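> return a 3D structure for these sequence lines:
(one chain, ligands or ions: 1)
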Amino acid sequence: MDIIRNIPDLRIYRKKINPNFRIGLVPTMGALHEGHATLAQASVKENDLTIVSIFVNPTQFGPNEDFERYPRDLEKDARMLAGLGVDAIFAPSTQEVYPAKAQFYFDIKDLDQKLCGASRPGHMNGVVQVVSILFHLVQPTHAYFGLKDYQQCRIIQTLVEELHFPLEVVPCPIIREEDGLAMSSRNVYLNREEREQALFLSQTLNAIQARRSEFSSINEIQNFALKELDKFPLVKLDYFEVLNGKTLEDLSSLDPSFQPHLFIAAYLGKTRLIDNMAFGD
Ligand code: PAF
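Okay, the predicted model is just below:
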């Protein structure tokens, strides 16, 4: 497995690849877990060559967020990826990706108005910026993203459609710990009590989905989620929303044709976790 640290080397590597190859790209920020492993495995299975990018992208973090303390361990990540049959890691420095202050800002319209887009102003701009850079540099035919970041996935799918990137976005299912917590690089921040209470997210989504036939309005679902919150005193809710799973807009009813989707984000101490689940059959 090659580890490529700069853009000139990536361009040389890319030029040598057979033009008929299917090339999978798995963009990550490192601190890899089973969820990332599943993305890499899917790419290795479905493509002739897989490149995993590892880059903690500063432009998607707000000023008071965890950019500095975000976990970084390239050696450990590389061991995992080599074992999965990944062909190359692209792990550039910040200076390499952003040699100058960026002059372009992505003003994302409707898809950015709710959820993490609303809670983390500028976050999705940073994601779209770095993902566009990676798409241009790596030129994959297929790009793999986890559905835990559901809004991110929808925005990237729309970016690819609107800007005619010649590649297919492959959304991959959320991978969970045995007790249901969605896997996330940020789970390592949680202490024992926070880890226990983090189950608020997946348990609430599962409970709503299990009782789906009992709910006749979005209000009822929201009230149920807020009641569940009472059982988890360490949890500070950021948002709980039921939205159209395609457009991420508000719903007028739970009609299945709107593809109702449950979204949740909460803080455990300083750690912000997110989760989501389709509502309905
Ligand atoms: O989902 C992530 O890990 C990041 O947002 C991504 C897509 C790698 C862009 O930095």
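> ends of stretch 63-83, how far apart?
Taking C-alpha to C-alpha, to the nearest Å, stretch 63-83 runs 36 Å from one end to the other.
> briefly note if the host helix or strand of Ser53 comes near the ligand.
According to DSSP states H and E, Ser53 maps onto strand 49-54. No. Judged by C-beta under 6 Å from any ligand atom, strand 49-54 stays clear of the ligand, getting no closer than 7.0 Å. For the C-beta atoms, the positions are set from N, CA and C on the backbone; glycine is no exception.
> what's that strand packed up against?
Under the contact criterion of 3 or more C-beta pairs under 8 Å, 6 or more residues apart in numbering; DSSP states H and E, strand 49-54 touches strand 23-28, helix 34-46, helix 74-83, strand 88-90, helix 123-138.
> buried residues, the last one. List them.
If I follow you right, that is helix 123-138. 123-135, 137-138 (16 or more other C-beta atoms under 10 Å).
> of these, which are in range of the ligand?
127, 130-131.
> looking at those, which is nearest Phe224?
Ranked by distance to Phe224 (C-beta to C-beta), those are led by Val127 at 31.0 Å.
> the closest one touches Phe55, doesn't it?
No. Using C-beta atoms under 8 Å, Val127 is not in contact with Phe55; the gap is 11.7 Å.
> any residues of the protein in contact with the ligand? List them.
Residues of the chain lying close to the ligand by C-beta under 6 Å from any ligand atom are 27-29, 57, 60, 127, 130-131, 149, 152.
> show me the shaky parts of the stretch 151-281 of the chain.
By pLDDT under 70, the stretch 151-281 of the chain contains no weakly predicted segment.
> still on that earlier bit, tabulate the ones next to the ligand among the buried residues of helix 123-138 (a markdown table), appending pLDDT.
As requested, these are exported to a markdown table (pLDDT from 0 to 100):
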| residue | pLDDT |
| --- | --- |
| Val127 | 98 |
| Val130 | 98 |
| Val131 | 98 |
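> which of these lies closest to Lys45?
Nearest member of those to Lys45, counting by C-beta to C-beta, is Val131, at 22.3 Å.
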